[in-house]
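Student: this one's structure only:
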């Protein structure tokens, strides 16, 4: 009976069969890099949604790593139960070295052949009287097992060192990338909330516009789109060409800057760097002047007034 070979995910969560030293190192490296690259995101998710998501993620990685260790133990004909030592202080260091450096059994062993195929997944041979007789009468040839070359040991050590360095690198870079992604997401959520609040404020104020704020100044509307707040005014009974705009600006600018930059009413806009603009037009809709106050503008006005 022949069993189909499991896919990549199935191999990660399969404890039967054997894997060699290099495959074990690559599996451990891949899982470490995957965790490292997701570390920042997991930390942020844990802060927002509790520890459950992070716990499930880490349990899945631990299971996959444990199954890889079991198959590595099978490779040198050891029971998978020895993998329990990975969770015992000091013993885990010794057993970890054995998993990395101990050579696998040459040829088939109790847990499968050298290609990692478990005994349960092999194709059962077809037996007959003739092939049994042939097998029994064949001479037994003892083939000496070649001694392990020096460079193969160096290769395994080098691979282990490279895996450790790459793991540290992936963990650091992955953590930074994950944190950056979370900060970007938080920033996006914050911006969305700000824009929603501005639109709500705009709609609320426009219910009462147009409205006269004094004898000659009429508030026509408020615009909160584009992450800014704009108040549009009309100077009733005045024409732009008849006004001394520079003199008017000198009078209006200090008053408006004090109200926006120092007043408690507009404080929230300045702190969140939401520009506030006062737009004045004449009776015919011609723009007279525009006073804009952002966070940097308020900082300049505050410094100038202090000096």
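Tutor: Thanks, I have it. What you see is a predicted model, and the numbers here were worked out from it, not measured in a lab.
Student: which residue packs closest to residue 292, ignoring adjacent ones?
Tutor: Across the structure, with CB to CB, 6 or more residues apart in numbering as the measure, the residue nearest residue 292 apart from its sequence neighbours is residue 277 (4.6 Å). C-beta: built from backbone N, CA, C; applies to glycine.
Student: Can you name the helix or strand that the one you found falls in?
Tutor: Using DSSP states H and E, residue 277 falls within strand 276-281.
Student: Past that strand, which element shows up next along the chain?
Tutor: strand 287-293.
Student: any idea of the mean pLDDT in that following strand?
Tutor: For strand 287-293, the mean per-residue pLDDT is 93.
Student: count of neighbours near residue 71?
Tutor: Residue 71: 27 surrounding residues under other CB atoms under 10 Å.
Student: any weak-confidence spans in the stretch 151-300 of the chain?
Tutor: Low-confidence segments of the stretch 151-300 of the chain (pLDDT under 70): 151-185.
Student: And the helices in it?
Tutor: With DSSP state H, counting those that start in this stretch, the ranges of helices along the stretch 151-300 of the chain come out as 245-257, 267-271, 295-306.
Student: can you map out the strands along the stretch 101-250 of the chain?
Tutor: Counting by DSSP state E, counting those that start in this stretch, the segments of the stretch 101-250 of the chain that form strands are 211-212, 217-223, 229-235.
Student: most neighbours per residue, which of those strands?
Tutor: Ranked by average neighbour count under the criterion mean count of other CB atoms under 10 Å, the strands of the stretch 101-250 of the chain are headed by strand 229-235 at a mean of 19.
Student: for that strand, packing partners?
Tutor: When contacts are defined as 3 or more CB pairs under 8 Å, 6 or more residues apart in numbering; DSSP states H and E, strand 229-235 packs onto helix 150-206, strand 217-223, strand 276-281.
Student: Would you list the strands that that strand pairs with, along with their directions?
Tutor: On the basis of DSSP bridges, the sheet neighbours of strand 229-235 come out as strand 217-223 (antiparallel), strand 276-281 (parallel).
Student: In a markdown table, list those along with distance to residue 268.
Tutor: Conversion of those to a markdown table gives the following (distance: least, CB to CB, whole Å):
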| stretch | distance to residue 268 |
| --- | --- |
| strand 217-223 | 15 |
| strand 276-281 | 11 |
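Student: Show me the one of those that comes nearest residue 194.
Tutor: For the strands paired with strand 229-235, proximity to residue 194 was assessed by CB to CB; strand 276-281 is nearest, at 13.4 Å.
Student: between the closest one and strand 287-293, how big is the angle?
Tutor: If you take axes from the mean of the first three to the mean of the last three CA atoms, to 10 degrees, strand 276-281 sits at 170 degrees to strand 287-293.
Student: between strand 276-281 and helix 245-257, how big is the angle?
Tutor: Direction vectors for strand 276-281 and helix 245-257, defined by the same axes, to 10 degrees, enclose an angle of 150 degrees.
Student: Which residues outside strand 276-281 are in contact with it?
Tutor: Surrounding strand 276-281, the residues in contact under the criterion CB atoms under 8 Å, 6 or more residues apart in numbering are 228-235, 240, 252, 256, 260, 266, 269-270, 287-294.
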